[in-house]
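In: Curious how this folds, go ahead:
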Amino acid sequence: MIGSILYIPFKQLPKIKDIAFIKDEIAFILSDERIVYIPLSWSKKLQKAKPQQRQNFKNNGIHVFWDDVDEIIGVKNILFGKELFI
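Out: Now for the predicted structure:
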């Protein structure tokens, strides 16, 4: 099943509108009004990052980039991932 998920076109998926860090979780607010929480432990890089590094991200709707800590989280990771693929 995971293999078929990877082939879902991005245009069929909701976009990431915003992000918030809440205790030990990352909240992703999606364009379809869902809020999806993933454990901060899924990203060792963000878990180790300082609060200001976590807040320094770029969001293109499909992927969120944290250049300071070299991390990328995509909408497919959020919706279908057990842990981050990288």
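
In: can you pull out the strands in the chain?
Out: Under the criterion DSSP state E, strands of the chain are mapped to 16-22, 25-30, 35-39, 58-59, 63-66, 71-74.

In: Give me the contact list for the last one.
Out: If I follow you right, that is strand 71-74. Strand 71-74 has contacts (C-beta atoms under 8 Å, 6 or more residues apart in numbering) with 26, 38, 43, 45-46, 49, 62-66, 84, 86. In this view, the C-beta of every residue, glycine as well, is placed from N, C-alpha and C.

In: Partner strands of it, with direction?
Out: Strand 71-74 has its sheet partners listed here by DSSP bridges as strand 63-66 (antiparallel).

In: who touches the partner strand?
Out: 16, 19, 28, 45-46, 49, 53-54, 56-59, 71-75.

In: so what's the residue nearest to the spatial centre of the chain bridging to?
Out: Of all residues in the chain, the one closest to the mean position by C-alpha atoms, centre = their mean is residue 73, 3.8 Å from it. Beta-bridge pairing for residue 73 (DSSP bridges): residue 64.

In: mind checking pLDDT for it?
Out: pLDDT for residue 73: 94.

In: where are the low-confidence patches of this protein?
Out: Along the chain, the parts satisfying pLDDT under 70 run over 1-6, 82-86.

In: what's the burial count for residue 75?
Out: Around residue 75 there are 22 other residues, counting by other C-beta atoms under 10 Å.

In: That one reaches residue 81, doesn't it?
Out: No: here residue 75 does not reach residue 81: they are 10.0 Å apart, not a contact under C-beta atoms under 8 Å.

In: quick one: contacts for residue 70?
Out: By C-beta under 8 Å, 6+ apart, the residues touching residue 70 are residue 45.
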